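J.: this one's sequence-less:
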């Protein structure tokens, strides 16, 4: 399911002449609520270029019965190449040990975990910040807080991701590779003015 | 499609006297809630907790990790009667603790309710937590602070509640 927004008139690096008193705030752009049957991907396309930053607030599940949880992942502008990397710091599972790892030249940015349907009503929340997404001179940075608690299991973590491309972000695809995002998962995209 | 300015301030409290907890019970019409706390404690204590809808049953759990300047501390609690979302020490005078508590999808009647929290107190701790309330009821009220404990919000603490509205 895609969002549509006709406006694409933000000029990177240019200040607006008509700054209004209410210019510094957060606006909802689009929301996807996954319906019956689930979906392989959630896509935000034609993202308006008029904001400074983006935020995605989501709560999700994926279809499965293995009593497991998997990272959600994100790609920008249809780029499926090995142009991403990430670091993460998290507490994990029954070991309750703090862990960290990283990866380079990956095909997606990792964000925190969604549990599978074994966890029934327990969905994983996450907040993804994409900073300076329209800038023509910087690689794009993603910062995420997320996790879920399963009453004796679960994880919480801080993630940092990188898309090694200076193009403004115009679309975002969210997925759990090889899995289906479950019904009632919600993904909401916001623009933050600056 | 309509566009609504969001991150709206719903309520804000600056405490004139110390108290153990603060409650909110009027926040309809939003998708997510964000509670921002800037506080000190005058009494010793540690756990800072969250309780929804007055539910005192052992229907909460949480996972967290935090750093105290010496070590990184992971933790998990299950079947608790409130959600431990942070560790805030008392007796540090003007050393403010800051918490940002995100409650996503609080009004839906399908999923359990979650809280994501980041917290810090310069002299003692920095950390993050994810907690769960095992109820599919919509959140209609919540209480934060020294639930079942004695470490209070000191006078001057500021607690602000914001609403985030998504496009439907």
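T.: Sure, I can see it. Predicted model only: the values in this text are computed from it and were never measured.

J.: now the end-to-end length of stretch A:129-148.
T.: 18 Å (CA to CA, to the nearest Å).

J.: May I see the buried residues of that stretch?
T.: Residues A:129-135, A:140-148 are the ones in stretch A:129-148 that count as buried (16 or more other CB atoms under 10 Å in any protein chain shown). In short, each C-beta sits where N, CA and C put it, glycine included.

J.: Show only the entries of these found in helices.
T.: Taking DSSP state H, every one of those sits outside helices.

J.: for chain B, what are the low-confidence residue spans?
T.: Within chain B, the set of residues satisfying pLDDT under 70 comprises B:1-5, B:90-93, B:168.

J.: residues touching residue 159, list them.
T.: No chain in the question, so chain A it is. In this structure, residue A:159 makes contact with A:86-88, A:110-112, A:142-146, judged by CB atoms under 8 Å, 6 or more residues apart in numbering or on different chains.

J.: wrong one, chain B
T.: Here residue B:159 is in contact with B:12-13, B:15, B:22, B:35-39, B:144, B:153 (CB under 8 Å, 6+ apart).

J.: let's see it at 10 Å
T.: B:11-15, B:21-24, B:35-39, B:99, B:101, B:144-145, B:153 (CB atoms under 10 Å, 6 or more residues apart in numbering or on different chains).

J.: Emit the ChimeraX select command for whichever of those are buried.
T.: To isolate the buried ones among the contacts of residue B:159 in ChimeraX, judged by 16+ other CB under 10 Å, type:
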select /B:15,21,22,24,35,37,39,99,101,144,145,153
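
J.: Among the contacts of residue B:159, which lie within strands?
T.: Members of the contacts of residue B:159 lying in strands (criterion: DSSP state E): B:11-14, B:21-24, B:35-39, B:99, B:101, B:144-145.

J.: Average pLDDT for stretch A:105-117, rounded please.
T.: For stretch A:105-117, mean pLDDT is 92.

J.: And for stretch A:84-102?
T.: 79.

J.: Find the nearest non-adjacent residue to residue B:46, please.
T.: Ranked by CB to CB, 6 or more residues apart in numbering or on different chains and with sequence neighbours excluded, the top spatial neighbour of residue B:46 is residue B:87, at 5.1 Å.

J.: now residue A:121
T.: Residue A:121's closest residue in space is residue B:112 (CB to CB, 6+ apart), at 4.5 Å.
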